[in-house]
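[1] No letters, just coordinates:
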């Protein structure tokens with residue numbers, strides 16, 4: 001989630017997609033299985049409420065969800081390549097199909113020579129004699145294999161993360177000084193160490209994938225709020241023909257803490273989210289540490305939702321990314337900041353962020369104002 005998305009969340013009760021192309025054309029797409037599971041839940045609720053969609057207005061996700069419900073389930077895709085569609089997905093499928101049908105030439109052949117004779121000649125069955133298309137197929141196939149291997153590693157780690165969070169949540173609800181609780185804490189420490197060791201041993205490419213996968217796994221629990229699937233519309237229905245969408249936006253009042261001492265408190269909020277969301281993949285620990293000297297120590301202990309798994313939090317702020325913060329967490333951070341006795345002044349914050357504002361405590365500005 002980005003800064004502008006945060007601002008939209010706190011100023012609106014909801015932003016609902018009523019009608020659109022229903023096609024996800026972003027560079028980075030969601031886990032197809034998670035997206036389908038969410039659509040199945042939404043469609044089930046629509047059926048309960050008696051809401052139906054004409055077939056020609058059903059988007060691909062609603063169609064798949066209804067198909068899954070009608071047949072009693074669907075085959076769950078396990079491989080990473082199938083769950084996360086890449087830009088070269090269609091290209092690889094096309095090359096694979098042509099190879100299976102015998103329409104993809106493997107080796108280059110001099111003019112007049114038959115393909116069969118080239119394939120029988122060991123000297124010509126070398127990589128340097130591959131056709132450009134077949135070489136591309138080999139490259140993509142190897143890439144697919146690595147992606148699936150990394151996907152298995154990251155999925156295991158996501159499961160470990162969830163297990164740690166479940167145990168951490170159990171400890172939060174337990175009696176703090178009992179022997180059983182102490183035993184659970186020791187078990188938790190062991191699980192965390194094993195988890196962190198596994199992460200450190202991941203290949204660099206897999207580490208990057210893991211960060212995306214872990215954040216993506218949280219979407220279904222904290223950020224999936226649509227009450228119904230959007231209606232499908234087509235470019236030809238608009239003049240001039242283009243892909244447009246219809247949104248239902250319901251505004252809401254700002255948090256009480258932001259309405260107090262407005263706009264000064266809102267400027268402080270802008271500073272906080274501006275700094276934190278400048279690097280949304282950073283951990284919350286790193287982000288709070290860089291916010292202002294001493295901010296981490298005060299804020300971390302004042303925001304219970306940050307470490308509450310039932311509210312989207314994590315067992316450790318070093319394992320929670322900024323882009324995974326919910327509005328409740330952000331509100332707690334702002335409120336904790338305002339209670340901090342050693343917080344910097346608004347003027348200090350604005351100066352650090354590069355803004356020019358009047359400092360009422362500056363004697364130099366009093367001189368400029370005159371007697």
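    Yes, it's here. For clarity, every value in this text was computed on a predicted model and none was experimentally measured.
[2] Quick one: the strands in the protein, in order.
    Along the chain, the segments classed as strands by DSSP state E run 12-20, 231-232, 246-251.
[3] Now mean neighbour count, mean pLDDT and distance to residue 329 too, for those, in JSON lines please.
    In this view, the C-beta of every residue, glycine as well, is placed from N, C-alpha and C. What follows is the strands of the chain, written out as JSON lines (neighbours: other Cβ atoms under 10 Å; pLDDT from 0 to 100; distance: least, Cβ to Cβ, whole Å):
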{"stretch": "strand 12-20", "mean neighbour count": "14", "mean pLDDT": "89", "distance to residue 329": "18"}
{"stretch": "strand 231-232", "mean neighbour count": "20", "mean pLDDT": "92", "distance to residue 329": "33"}
{"stretch": "strand 246-251", "mean neighbour count": "10", "mean pLDDT": "92", "distance to residue 329": "22"}
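[4] who wins for proximity to residue 324 among those strands?
    strand 12-20 (19.1 Å; Cβ to Cβ).
[5] Could you list the residues in contact with that closest one?
    8, 59, 225-227, 230-233, 243-252 (Cβ atoms under 8 Å, 6 or more residues apart in numbering).
[6] pretty sure residue 310 is touching residue 170, no?
    No. At 10.9 Å, residue 310 does not count as touching residue 170 under the criterion of Cβ atoms under 8 Å.
[7] Could you give the separation between the terminal residues of stretch 64-76?
    Taking Cα to Cα, to the nearest Å, stretch 64-76 runs 12 Å from one end to the other.
[8] Only the buried residues of it, if you could.
    By neighbour count with 16 or more other Cβ atoms under 10 Å, stretch 64-76 contains the buried residues 64, 65, 66, 68.
[9] repeat for stretch 305-312
    Of all the residues in stretch 305-312, those buried under the rule 16+ other Cβ under 10 Å are 305, 306, 307, 308, 309, 311, 312.
[10] which one of those sits closest to residue 54?
    Residue 54 lies nearest to residue 312 out of those, by Cβ to Cβ, at 36.0 Å.
[11] is it true that the closest one touches residue 327?
    No. Using Cβ under 8 Å, residue 312 is not in contact with residue 327; the gap is 10.2 Å.
[12] for the chain, which spans come out with low pLDDT?
    1, 25-29, 109-128, 175, 219-224, 354-371 (pLDDT under 70).
[13] Domain ranges for it, per the record?
    Domains of the chain are assigned by the TED database as 13-80+222-249, 254-353.
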